[in-house]
Each structure stands twice: as structure tokens, then as C-alpha cells.
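A.B. asks: Below are the sequence and a predicted model; questions follow.
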Amino acid sequence: MTVQDLITPGSVLGRYTVERVEALPAIQATVYLLRHELGARHLHIARDDDNQTFAVFFPTVPQDSTGVAHILEHIALMGSRHYPVSDPFFSMIPRSLNTFMNAMTASDWTTYLYATRNEKDYFNLLNIYLDAAFFPLLRYDSFRRDGHRFEYADPADQTSELKMQGVVYNEMKGAMANPSSVLWKTLQKALYPDLTYANNSGGEPSDIPNLTYQGLRDFHAAHYHPSNAYFYTYGNLPLERYLDAIEAGVMKDFRPHALDVSIPDQTPFTAPKDVSAHYPSGDSERGAQALIAWKLGHSFDPDANLRWKVLSEVLLGNAAAPLTRALIESGLGSALSDGSGYQDEFREAAFSVGLKGLSADRAPAVHQLVLETIERIADEGVAGELIDSALHQFEIAQKEVSNAGWPYSLKLGFRAVGPWLYGGDPLEGLNLDAALERLQAERAAGPVFEEMLRRELLDNPHRAALTLIPDAELAAAQEGAEREMVARLSAGFDDQDRLRVVQEALALQDDQDKGDDLSVLPTLTLDDVTRKVARPAYTLEQAGGALVGRVEQPTSGLVYLDVQVRLPELNADELELLPLYAYAVTRSGAAGQDYAVLARRIEAVTGGVSASAGSSTGPERLDDLRVSLSFGGKALSRNAGELVSVLHDLLAQPEFGPVRLEQLLKQRVAGQKAGIVSAGNAYAGRLAAAQLSAEAALDERQVGLAALKRLEALAESGDWAGTAGRLSALHARVLEGQGRLCLTASAEDLALDLSSVSRLFAGHSAAHVTSPLAPHEPVARTTDTPVAYNAVAFLTVPFTHPDSPALLALGNLLTSEYLLRELREKGGAYGGGAGFNAHSGVFRMTSYRDPNIGRTFEVFAQAREFLRGPLGQRELNEAILSASKGLDPLTSPDTVGRMRFYGDLGGYTADVQERYIARLLAVTLDDLARVMDSYLTPDKAAYALLAGKDPNAETAAQGLTFAVQSI
């Protein structure tokens, strides 16, 4: 028995009182709910997991759209009482082995959170985070840097154009050019016009300059106090260690503080509303979105919340879901609108649904179709098997312990915090069993969901019909409005004011160039780096044309099956078609079942199946290009055989019908177009690398802007029957390849019969793949965005080359010591950095939501000069430490065996990886300079960017002339 076993409700731990203790046997955890004398709430999940996790949440309720909560989130991390350096957050990234580290601003809360498997690192970061949140310096210069400031285009020249600058200002300019962001903010304002949700917590670019420095400080004083704090911890250390550290770091310095951050109920509407909003885009034919949104009941009501999550899954959860199917098959649009589904991010929840990929004049028809379809479903009734399938998905979600995507510890935290912040029971979010039992009892007593559809949707006047309209003139109008705003705010400037702007800008640059004494920050050392990689045991057998690996793992009653196909030689058309095949194959019909029947079957017996196309290079040669197709799925143990059956049918007898293919292709185009601006740096980096690397060139042809252009042309051609025939022919080529099956399961499921899948493959040798490079010339793609995404790329060496670890360390050093300062702190970009892909051999430098183009490429070019400057052992050690994190990723039972199995087959064995780590730990500063001079030279560079304008006027000084095309 441990001390923790003796903690019961009513126990007093220092100034904390234990309010509840509950076991969660499904995930082998115990939950403790505590309250501090100051009013702080604390939720701790004790679990045998070394990924120690911390978060503190503050309810923040901005009363305007100046972005005060968002800007404060940035500035709180820019120096504190015990760590008075300019940016301890970014300075700690290379000094830590964290598995997650960030801060976030939502509509009505702000959180600071991290996770790490190193105990020393945990308490290092805890001290940083506590000091930053509760005792930030909130310096005026930090406010100007990340909030807003005047600055001349040439900061030293007051005769150049006066502009508005600021990291958050530029971030939100980019964000509010994204249709999804505009729609989301419009939805909030439409449904909750009298509440904090009507404001843009991130900040409207036109409103951000109205925030004053004193207003920022006042907001912190009001909201960032223990009395308004919700702490979350997770891990396998004694509870007292977490509590004692927080007490010592924060609580002893505060007194109780009263703050009303409550959010009332929104006054119900007496009649529905029609709302429209515009975003910058010239795509008048397919750029609009239309949806209807309803305000529902309290999101912290566990029964209502579960019922709505189930109903949303029933209505929209798969291609055969009745509301999804009706909307897609109508042909009015190409895909579900952004924001479709149940939303519990607000105190009063919302449900919204509609279509995108249409012209604005079709919006009324979409709105009418939504209402008609919901009424039809309510009249006809919701089939019991659909409800059972949805509940089956919740059973899987409750049981699965996975670090895929986000750390599992944070997934649990967010499940609890949602209801907690609004006064609900956080444990209801962690354990759905009681609510599920009540729901099943309600179902046994009579219909549940049909009444919900009528009461909460059809008969609910608190709804808004939204139309998001593309506006080809809006980007220019916004630029003009920004210039007018700057002119208005500076109308009274005299010579002294203009001189002050210059002096403040230069002083800010000087301050950023001085550097900090980082010795005040805690750090790990290279001795903390894990030298070994995971070596989970697996068995290997040849079964027909496939290799089968079986990995025993504690999977909490789930079974995971992955099928990778190493493909034979494919021609150029087949290679380019492969991603569309992967997208369509799990969303079409198979084995005599149409797509709707198959979708319902997948929902009923699995936790989902997926397919994806991929390419990689061998560890020893960059021209050893390999192409594969991967299928994957998971299921509860009782349905393991059904999972195999589903994957067999998808692999053996996929059916590509022309009508369904038209729907899928249009969905694919709409989805890719919607993501361009939010992932602009990735698209730019791919365009640059495609000029140098065969793998990157293939990647650009398969999923880049070149692929989008080809898909758009295919959609315009209307050749659905011909395309379906091409996909069927490609499928025959897939079955000629080598199958590689990996089963991950508990011991009792490890003997699962996989022969029906393994025998499908002919096992022909995988082919050597070639892909022509793009022309080696600077390329620019223009679209509707007020900011830029810039990239330069270099081709270097393969994984096993002795210089590869030095390049990996170099990317981390340039990011933390040079590019973040030059691009973000000085240039105002939201992000930027360098990165080396050790598998592809491509080294990139990129910027994200960047107000500059020419200056940024100058910064990229000057990286060599920076590296010749005064760098020492600290910078080197931090670069190596940061680089090592990617070599020891956070895994979980569902991923660790799969990674080892396919890594070994690809030549990236544990021995190869461990030799790489050993070389990384031996990298020197001389190595960094040498690889920079050997591989990252101007004659080897390839350039690309994505922006809202022709860049050539700005890049002439750098000697760069871009070939410009509109997206």
C-alpha cells in the first residue's frame, strides 16, 4: 500500500482538500479532485504512465475583438519573475525533451500545457509555466512585438511606408483569410450575439490596434489568479509532488480573489436568422458554404451531451449517415461544410450542418434541404442499428489508450475540462458508463432521438442560416482598409512622433540582438538523451505473397491490423492516380455492397478503416525511391474477425462507380483547396523541394498544388466512367505487389486468422521508382491571402551518411538561435524555422503567415553568416538535445510495434537508428559549419513561395525572379 492509497475524500494535503477519489478501471487509473484554500481546482489522474503532464486553464471572457486573451497568451510566455529572458518558452524548447509543449486560446478559456517522459524535465517546465502564467513581466516591448506597433517598411527610414506590425496581428490576418476561420467566427456571433462568443478571442486585425498596454495588464490581473485557475496533472508520481511544486511556485504568493467570469445563457431567439459573411476568394463557382446552426442546451449536462454526440454520429458520422448522404447526393455542393456536427466548445452547445463547394446562389436550397431532411428523418425514425453503431464507436473511444495524434494524457484532460469549466462534473467526461446506461434505459422506454430532432432542431427558433460568400475584391479592400487605419491612427503624427517610431523600432531590434543570459533557465543535458530505441518483440512469417508480423501489446481489448503493399512498377499516370485510389477505395463500395451499405458495416464492426499512399527512400540512397499503399483498421476484440473481413473485401473487390466517384473527387478538391492557406508553408516547401528531390517531386505530383490542378481538370472533364476504369486497372496492379501485414493485439487475439488477406497478393518484387524533377527555377503561387509563406530547399545526404545527424542538429540550431528571432521577433511572421528530413535528405527553411517576402529570403541567405558568429557549447548541446526528440517519439501500444515492424523491413532497423543517435551526440560546431558549406550553398538552393501577390518587386534585391502562377 502506498501513501496515495490512503487518500480519501476529505483528506487534507497541505492547503488542498480532497473532494473526490474515483477509480477508472477501464483505463487502469484513479482520479483525484481537489480544491485549494484560494479556490483553485485541481484534477489529477494517477496512472502507470511516465508521460507526466501538466495544464492550467483560466476561464477568459473577452468583451471585445482586440485579441486581448490571445495576445496575453503570447506575452505571458515572454519573460517572468524568476526567468527574465525575452522568450523563455521558445528558449526552453531546445532545452527539453517534451512530448508536447504549447499554449492555446479558445473562445472562453486559455491554457498552458505540456507533457514529458523525463521527470527532471517535468519539474523544469513546471517552474517555467507557473512563473509565466502567474508572474509574467508583461513588458511593453513584448506587447509591441507580439501585439501591435507602428513600423516603417524600412524601420530606419521614416520616409518609407508606415505599417502596422505584430506577431499576433499578422497571425490573425492569415487566419481570417481562411474560410473555415471566418465561418467559425460568424457562427459564434450568429448564435451567441450577447455573449463573449460574439467576439473574436484571437483578435480581428482591424480591432487589435485598439488594445492598450494597460488593458492587457488589467486583463491578466483579473483572470490569471489561482482563484480562477483549473489545474490538471497526470502521471505516475505521488500526488503530493505535483501539489507541493504548485504550492511553492504559486499559491504562497496569493490571497483569495473574487472574479465573475460566468457566462449566462443566451436569450433565446423568437425567430430564425439569416446571416452572411465574406472571405477573400475569387472562386465564385465553388467557394461558397451554406449551413444551418442551432443553439442547444448546456454542454455540461452529461446526458444531453452524450445524446447529442450520439445523434451527431448517427446523422453525419459516415458516408451513409442519413443527413450526410442526402446532402452529398443532392449535388448542391461537394462536401460537408466546415463546422458541421455537434459543438460542445460553448457553455450552451451548438449543432450545425451544411455544404461547401457551391455558388452562393445555391445557399437557400441547401438551407431548405437541411430542414427537409431532418424532418424526414424525424418522421421515418432513426434506425436502431445506426444508434447501436454510434454507441459502438463510443465504446472504442472509451477503451482505446493511444498517443497517436495527441498524447493520451492530454486527450483525457480535454475530455474532463470541457464540462468542468462550465460548472459540470469533470468525471462525467472521463467515464461515460453511467450516462450510457441512462441512455440505454431511455431507449428501452421509447424513441429518444426523433423527439430531439423535433424539439431541439425543427421546433427551435434559435437557429441561423449562414452563407459564406467568396469575394474577389475583398483582399484589395482589406489592404485598403488597413492603409486607411494606419493613416487615421497616425494622422496627428509630427516629426517627433515619426522619429519616435524609428527609435522604438531600432531599439526593439537592438534588444532582440543583445541576447539573454539563458543560464537562469533550467535545462537537460545530453546525458538525458535516450540512446536506445524501442525493440518490441514480434514474430514474422511468410504467407503467400505477404509477410505477416504479429506484435503482442496491452491494447485494452482492441485489435489493430495494418496492411502495407509494396507496389510493382507503376507508370506516371498510375503514380499520380494512387492518392485518389487511396481516398476512394474506403469510401466506395466493395464485394457487391454499395458505399452506403459498406459504410454502415464499417461503422458497426470496426473503429474505422483508412487507406493512404506513401513514398519513402531507403536509408542508404536517396534515389532508392519506394512507393507503397497502406490500409489500416482497428476493432474491439470481439469484432477482430469482422475487421479482417472488411479489409479483405476492400482489397479483393473494391467497386468504383462513376456517380460515387464524382462525389468523392469533388470532396477531395474542396478539401484540398480549403487547406491551402492554413498549410501554406508545407505547400511552398514541397514546391521548392520538388526541384531537387525525386521523392519530393513525386509528393508534389501526388498531393501538392500540381495534384490539385490535375484533380480540378479531372473534375471539369466529367469523365467519371473513364476514371473509374483507370482506378479498377490500378487496383489490379496493387494486388501484384508484396503485402506486409502487421497485427497488434493482446495475447488472446494474436493468432487471428489473416489468411484471407495475405493470400490476395502476388508478391512481385517492389519496383525502383523514378520521378522527374520540377524545373529548377524560383516558383511562386498566388492565392487569396494577405501574408506569405516562403521556402528554400537543399538536397543533401541519405540517412546513414555520416553528415546526416549534423544536418539534423543544424536545422534545430538555426530555428532556435536565428530564424525565430529574425522571422518572428523582428519580422513579425507567426512562425518560421529550418528542418531536415533525415529520411528524404531534404533541408528546408520556411516561414509561416509572414508579412515579408524579400526580407525573409535575405534572412535565409544570411544563415551562413550567422553560423560563423559566436556560437558555443550551449547552443550546440541544445540543438542536439532538440534534434534527439524526433528520434525517440512518444509511442503507445497501438503504434510501437507497427513502427518497429515496418522500420525493420524498410532498413531503418533499431541498430541503424541507434547508430544515428550515437553520431548525433558526437556532432561538433565544426561539423555544423562544414555541412552548411558543403550542402546549403546558394548554387544548390531551390526557392518557392505562396502569397497573395506577385513577389518579384520585393525579391529583385536578392537576385530572385519567380515564375508566377495563380492557384
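C.D. replies: Everything's here; your move.

A.B. asks: and the residue nearest in space to the middle of the chain, what element?
C.D. replies: Nearest residue to the geometric centre of the chain (Cα atoms, centre = their mean): Gly405, 8.2 Å. If you go by DSSP states H and E, Gly405 is not part of any helix or strand.

A.B. asks: What separation is there between it and Asp894?
C.D. replies: Per Cβ to Cβ, to the nearest Å, Gly405 is found 11 Å from Asp894. C-beta coordinates here come from the backbone N, C-alpha and C atoms, glycine included.

A.B. asks: follow-up on the earlier one: contact partners for the residue nearest to the centre of the chain?
C.D. replies: Contact criterion Cβ atoms under 8 Å, 6 or more residues apart in numbering gives no residues in contact with Gly405.

A.B. asks: Please report phi then psi for it.
C.D. replies: Phi and psi for Gly405, reported as degrees, to the nearest 10, are phi 80, psi -80.

A.B. asks: How confident was the prediction at it?
C.D. replies: In this prediction, Gly405 carries a pLDDT score of 90.

A.B. asks: So Lys309 versus Tyr342, what's the distance?
C.D. replies: To Tyr342, Lys309 is 6 Å away according to Cβ to Cβ.

A.B. asks: and if you look at Val551?
C.D. replies: 35 Å.

A.B. asks: ok, now Arg483?
C.D. replies: Plainly put, Arg483 is 42 Å away from Tyr342 if you go by Cβ to Cβ.

A.B. asks: where do the helices sit along the stretch 401-550 of the chain?
C.D. replies: Taking DSSP state H, counting those that start in this stretch, the helices of the stretch 401-550 of the chain run over residues 408-421, 426-430, 433-445, 449-452, 474-489, 495-514.

A.B. asks: which helices and strands does the second one pack with?
C.D. replies: In other words, helix 426-430. Helix 426-430 sits against strand 16-24, strand 29-36, helix 408-421, with contacts defined as 3 or more Cβ pairs under 8 Å, 6 or more residues apart in numbering; DSSP states H and E.

A.B. asks: Out of these, which gets nearest to Val85?
C.D. replies: Between Val85 and those, the tightest spacing by Cβ to Cβ is seen for helix 408-421, at 26.6 Å.

A.B. asks: Give me the average confidence score over the closest one.
C.D. replies: Average pLDDT, helix 408-421: 95.

A.B. asks: cool, and stretch 684-700?
C.D. replies: 97.

A.B. asks: try stretch 432-446
C.D. replies: Averaged over stretch 432-446, pLDDT sits at 90.

A.B. asks: quick one: buried residues of it?
C.D. replies: 432, 435-436, 439 (16 or more other Cβ atoms under 10 Å).

A.B. asks: hmm, who's touching that stretch?
C.D. replies: 26, 302-303, 305-307, 310, 384, 387, 391, 394, 398, 428, 448.

A.B. asks: Quick one, which of the residues you listed are buried?
C.D. replies: Neighbour counting by 16+ other Cβ under 10 Å classes 26, 302, 305-307, 310, 387, 391, 394, 398, 428, 448 among the contacts of stretch 432-446 as buried.

A.B. asks: out of those, who's nearest Ser359?
C.D. replies: For these, the nearest to Ser359 is Val310 (34.3 Å; Cβ to Cβ).

A.B. asks: Contacts only, for the closest one.
C.D. replies: Contact analysis of Val310 by Cβ under 8 Å, 6+ apart lists 387, 390-391, 394, 439, 449.

A.B. asks: Now with 10 Å, please.
C.D. replies: By Cβ atoms under 10 Å, 6 or more residues apart in numbering, the residues touching Val310 are 317, 342, 382, 386-387, 389-391, 393-394, 436, 439, 448-449, 452.

A.B. asks: so where does it fall, helix or strand?
C.D. replies: Using DSSP H and E, Val310 falls in helix 302-316.

A.B. asks: gap between that helix and the chain center?
C.D. replies: The chain centroid and the centroid of helix 302-316 are separated by 24 Å, computed with Cα atoms, centre = their mean, to the nearest Å.

A.B. asks: Mind pulling up the pLDDT for Asp260?
C.D. replies: pLDDT at Asp260 comes out at 88.

A.B. asks: hang on, I meant Ala941
C.D. replies: As predicted, Ala941 sits at a pLDDT of 98.
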